[in-house]
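**Q** This is the structure alone, sequence omitted:
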């Protein structure tokens, strides 16, 4: 694996395209030459109308799908031609994921859900990994709920567990897909504030897909995707409220 230069961005996309149903009458190109860089320590919002390609772009960034053409470098390493097993390891140690729906295992306690990435990686949870999970649950305000199962937690609390799970292996970058989209306004604000605090305290980079202009306005940088192309990329400002997200 190539060593990352201190000047390399965490993620660097160059001329990324994505086509589905290639060679069929229904062939469609969803992403059209996307260029994007995210550097260490950034807190970035990704916005755009439904159907603009946000989910496809996030799947490519998360190594869940491969681009049809172009170059993707993750921590300086070109990933396009890597075998699936290598991508799985790279994903596990480099990326954390938070989704709109928490995807917690209902039969597992909060603590067990947070340690799940470690369990999936090695088949066991060591003492240090369990202690790390406990520290994270404490950090997200759930020190008294570690033994509770998801059904015993509110929606906001469940999403806090999911955030702790995303951070348990100390990834340099967390990809969050509508992390507050399934929450009421109060819980949404609390969860977003938690993401910002984790960013400030731990230096973790975040790229957050959101339809909520109020939350995007609290990010440091806004990337707007329209019809599979980046239409805007720059510091957050008053123009956020004008983003087309429907």
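**A** Structure's in. What do you need? Just so you know, these numbers come straight off a predicted model, no measurement behind them.

**Q** all contacts plus neighbour counts: C-alpha atoms, from now on.
**A** OK.

**Q** Centroid-nearest residue for this structure?
**A** Residue closest to the average C-alpha location in the chain (Cα atoms, centre = their mean): residue 175, at 0.9 Å.

**Q** Check which helix or strand that one maps to.
**A** strand 173-177 (DSSP states H and E).

**Q** and that strand, which strands flank it?
**A** The pairing partners recorded for strand 173-177 under DSSP bridges are strand 95-98 (parallel), strand 205-209 (parallel).

**Q** got the contact list for the worst-scoring helix or strand of the chain on mean pLDDT?
**A** The helix or strand of the chain with the lowest confidence, counting by mean pLDDT, DSSP states H and E, is helix 116-122 at a mean of 77. If you take Cα atoms under 8 Å, 6 or more residues apart in numbering as the criterion, helix 116-122 is touched by 92, 124-125, 129, 165, 168-169.

**Q** Okay, helices next: where are they in this structure?
**A** Along the chain, the stretches classed as helices by DSSP state H are 54-61, 84-94, 110-114, 116-122, 127-139, 155-167, 185-202, 213-216.

**Q** Any idea which of these has the lowest pLDDT on average?
**A** When the helices of the chain are ranked by mean pLDDT, helix 116-122 comes last with a mean of 77.

**Q** just how off-centre is it within its chain?
**A** Offset of helix 116-122 from its chain centre (Cα atoms, centre = their mean, to the nearest Å): 18 Å.

**Q** Which positions in it come out as buried?
**A** Judged by neighbour count using 16 or more other Cα atoms under 10 Å, the buried positions of helix 116-122 are 116-118.

**Q** Among these, which one sits closest to residue 232?
**A** Nearest to residue 232 among the buried residues of helix 116-122: residue 117, at 34.6 Å, using Cα to Cα.

**Q** separation between that closest one and residue 111?
**A** With distances taken as Cα to Cα, to the nearest Å, residue 117 is found 12 Å from residue 111.

**Q** same deal with residue 165?
**A** In terms of Cα to Cα, residue 165 sits 9 Å off from residue 111.

**Q** how many other residues sit next to residue 155?
**A** Using other Cα atoms under 10 Å, residue 155 has 19 other residues around it.

**Q** which ones are touching it?
**A** 182-183, 187.

**Q** Just the buried ones from the contacts of helix 116-122, in ChimeraX syntax?
**A** A single ChimeraX command selects the buried members of the contacts of helix 116-122 (16+ other Cα under 10 Å):
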select :92,125,129,165,168,169
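
**Q** Export the contacts of helix 116-122 as a markdown table, with columns for distance to residue 85.
**A** Conversion of the contacts of helix 116-122 to a markdown table gives the following (distance: Cα to Cα, whole Å):
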| residue | distance to residue 85 |
| --- | --- |
| 92 | 11 |
| 124 | 19 |
| 125 | 21 |
| 129 | 23 |
| 165 | 22 |
| 168 | 21 |
| 169 | 18 |
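
**Q** can you count the residues close to residue 152?
**A** 14.

**Q** cool, and the one 5 residues further on?
**A** One way to gauge burial is a neighbour count; for residue 157, by other Cα under 10 Å, it gives 21.

**Q** Distance check, it against residue 183.
**A** 10 Å.

**Q** One more: residue 219?
**A** 19 Å.

**Q** and the strands paired with strand 173-177 as JSON lines, adding mean pLDDT, distance to residue 51 and mean neighbour count?
**A** Below are the strands paired with strand 173-177 laid out as JSON lines (pLDDT from 0 to 100; distance: least, Cα to Cα, whole Å; neighbours: other Cα atoms under 10 Å):
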{"stretch": "strand 95-98", "mean pLDDT": "89", "distance to residue 51": "20", "mean neighbour count": "24"}
{"stretch": "strand 205-209", "mean pLDDT": "93", "distance to residue 51": "13", "mean neighbour count": "25"}
